[in-house]
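Trainee: Whatever this is, show me its structure:
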Amino acid sequence: MLLGRLIVDDVAQMNRGRIKDLLVQDLKWTTLLLWFIWTACAFCYYGVVLMTTELFEAKGNLCALSGMDGDFTCTADCRPLSSEDYLDLLWTTLAEFPGIFFTILVIERLGRKATMALEFAVFVLSIIMLFICTSNRTWLTFILFVARGIISGVFQAAYVYTPEVYPTSLRAVGVGTCSGMARFGAMLTPIVAQVLTRTSIHLATATYGIVAIFAIVAALMLPIETRGRAMA
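Mentor: Numbering: from 1, shown residues only. Presented below is the predicted three-dimensional model:
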């Protein structure tokens with residue numbers, strides 16, 4: 001062991017980042033946009049997870065004739081899940097692996113902002129496909145597979161981008177607050193995925209699509225692109 005004394009850098013300890021430092025003029029919009037993106041990620045991701053069982057319970061028969069005027073409404077009936085349901089649930093869960101690999105392949109080519117925007121756009125297209133009332137179980141499983149895989153990819157892109165955009169003193173608090181906002185989104189999503197679907201599956205799916213569209217705009221509005229930049 002080398003002889004000497006360990007001196008604590010009091011200045012470094014005093015300059016440790018605080019939450020209010022994330023909202024200074026240079027970082028305010030970046031922080032607010034990232035908070036929304038992380039909230040949207042968790043909101044949409046756990047929404048797809050929870051809605052999958054609701055859609056499988058309906059056995060793909062999402063359209064039901066109601067009323068004397070022939071209006072169509074969509075609701076999910078409550079019934080026990082079958083072995084086929086659990087097998088399809090397994091397929092949708094495995095979608096997270098190709099979603100992560102897709103992010104790895106495109107994030108350095110397109111950049112962080114474009115990758116998040118692209119993946120949110122694919123998620124919106126998947127949501128739109130759910131509006132097509134069909135009894136084809138394979139088609140429904142494939143749509144949910146794509147939706148869950150691509151939204152998990154957005155999470156990975158956000159995890160890459162967020163530590164890169166903040167300086168060292170704010171990196172931990174920046175990622176921590178973004179993760180906290182994601183948990184807030186996860187707390188909100190059962191209201192849509194479990195409660196609103198009892199009234200209208202179409203209204204519930206539209207909610208996720210609208211949130212994802214706003215997330216696309218937020219990703220494109222991020223003022224900093226970190227591709228090719230070394231973390232300081």
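Trainee: Secondary structure element holding Glu54?
Mentor: Assigned by DSSP states H and E, Glu54 falls within helix 28-57.
Trainee: Check which helices and strands that helix sits against.
Mentor: For helix 28-57, the packing partners by 3 or more Cβ pairs under 8 Å, 6 or more residues apart in numbering; DSSP states H and E come out as helix 83-94, helix 112-130, helix 137-165, helix 168-190, helix 201-221. For the C-beta atoms, the positions are set from N, CA and C on the backbone; glycine is no exception.
Trainee: got the contact list for the last one?
Mentor: I take that to be helix 201-221. 29, 33, 36-37, 40-41, 43-44, 47-48, 51, 54-55, 58, 62, 74-76, 113, 116-117, 120-121, 123-124, 127-128, 130-131, 154, 192-193, 196-197 (Cβ atoms under 8 Å, 6 or more residues apart in numbering).
Trainee: Now a PyMOL select for only the buried ones of the residues you listed.
Mentor: To isolate in PyMOL the members of the contacts of helix 201-221 that are buried, counting by 16 or more other Cβ atoms under 10 Å, one can use:
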select buried, resi 33+36+37+40+41+43+44+47+48+51+54+55+58+62+74+75+76+113+116+117+120+121+123+124+127+130+154+192+193+196+197
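Trainee: got JSON lines for the helices and strands packed on helix 28-57, with mean pLDDT and distance to Arg18 too?
Mentor: Output for the helices and strands packed on helix 28-57, formatted as JSON lines (pLDDT from 0 to 100; distance: least, Cβ to Cβ, whole Å):
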{"stretch": "helix 83-94", "mean pLDDT": "74", "distance to Arg18": "39"}
{"stretch": "helix 112-130", "mean pLDDT": "93", "distance to Arg18": "25"}
{"stretch": "helix 137-165", "mean pLDDT": "89", "distance to Arg18": "17"}
{"stretch": "helix 168-190", "mean pLDDT": "92", "distance to Arg18": "7"}
{"stretch": "helix 201-221", "mean pLDDT": "93", "distance to Arg18": "24"}
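Trainee: what's the closest of those to Leu22?
Mentor: Nearest to Leu22 among these is helix 168-190; the distance by Cβ to Cβ comes to 5.9 Å.
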